[in-house]
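Asker: I'd like to go over a predicted model; first the sequence, then the structure.
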Amino acid sequence: MRINLRNAKEENDQYMDIDLSMDLKSIEGVHSLKIKEPIQGKGRIYFTQDGTFLNLEAQVLVESICGRCLNDFEETLQLKLNYEIVSSKRALEMDMEEDILVVDQDVIDLEKVIIEELIMKAPMKPLCKEDCKGICNSCGQNLEEGSCNCTPHEEVQETIDPRLAKLKGLLKED
Ligand SMILES: [Zn+2]
Ligand SMILES: [Zn+2]
């Protein structure tokens, strides 16, 4: 959904409502993030004396792979966007700490905005649940699916890639 802000400002008095629906299956660059349902977003663009502002909320049902046990799981990511929309020329004059959204030629591409937000908000290492037991470092058993005979359990180490841990377990068995 692309909006020409200059036209929108002329056609709308103080604000413009946004009803966004985007059918996106996955996001390039975000590995292992699958989107299960079309993304629905609702929001408003405000045209004020102080500038143009975007408020937008969207819920995204995604399927991820757990960083510990490697199981697939679904979760809903909540996106809440609050930005001032500025031109690239104006952005140069501004403090970059501010929440700004830079647009060129007065055109804002809301799908692109949502995708960028998703890339930022998607967890680097998703977990199926906070206390996921992961994979046994010794034998490679997925401890979310059943226990193993290695006692006591070494703490699952976050720093070890679970796939490597599995490999390590396999090597040990020889
Ligand atoms: Zn897990
Ligand atoms: Zn084990």
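Answerer: Yep, that arrived. Ligands and ions are numbered 1, 2, ... in the order given.
Asker: residues contacting the nearest residue to residue 71 once chain neighbours are set aside?
Answerer: Leaving aside its chain neighbours, residue 71 sits nearest to residue 128 (5.5 Å; criterion: C-beta to C-beta, 6 or more residues apart in numbering). The C-beta positions use only the backbone N, C-alpha and C, and glycine is treated the same way. Under the criterion of C-beta atoms under 8 Å, 6 or more residues apart in numbering, the contact list for residue 128 reads 66, 68, 69, 71, 73, 144.
Asker: distance of the second one relative to ligand 1?
Answerer: Separation of residue 68 from ligand 1 (C-beta to the ion, to the nearest Å) stands at 5 Å.
Asker: which positions in the protein make contact with ligand 1?
Answerer: Taking C-beta under 5 Å from the ion as the contact definition, the chain meets ligand 1 at 66, 68, 69, 128, 132.
Asker: ok, so of these, who is nearest residue 55?
Answerer: Taking C-beta to C-beta as the measure, residue 55 sits nearest to residue 128 out of the residues of the chain next to ligand 1, at 31.7 Å.
Asker: next, residue 82: secondary structure please.
Answerer: Local secondary structure at residue 82 is given as strand here, using DSSP: H, G, I helix; E, B strand; the rest coil.
Asker: for the contacts of residue 128, pick the one with the most neighbours.
Answerer: When the contacts of residue 128 are compared by neighbour count (other C-beta atoms under 10 Å), residue 68 ends up highest, at 23 neighbours.
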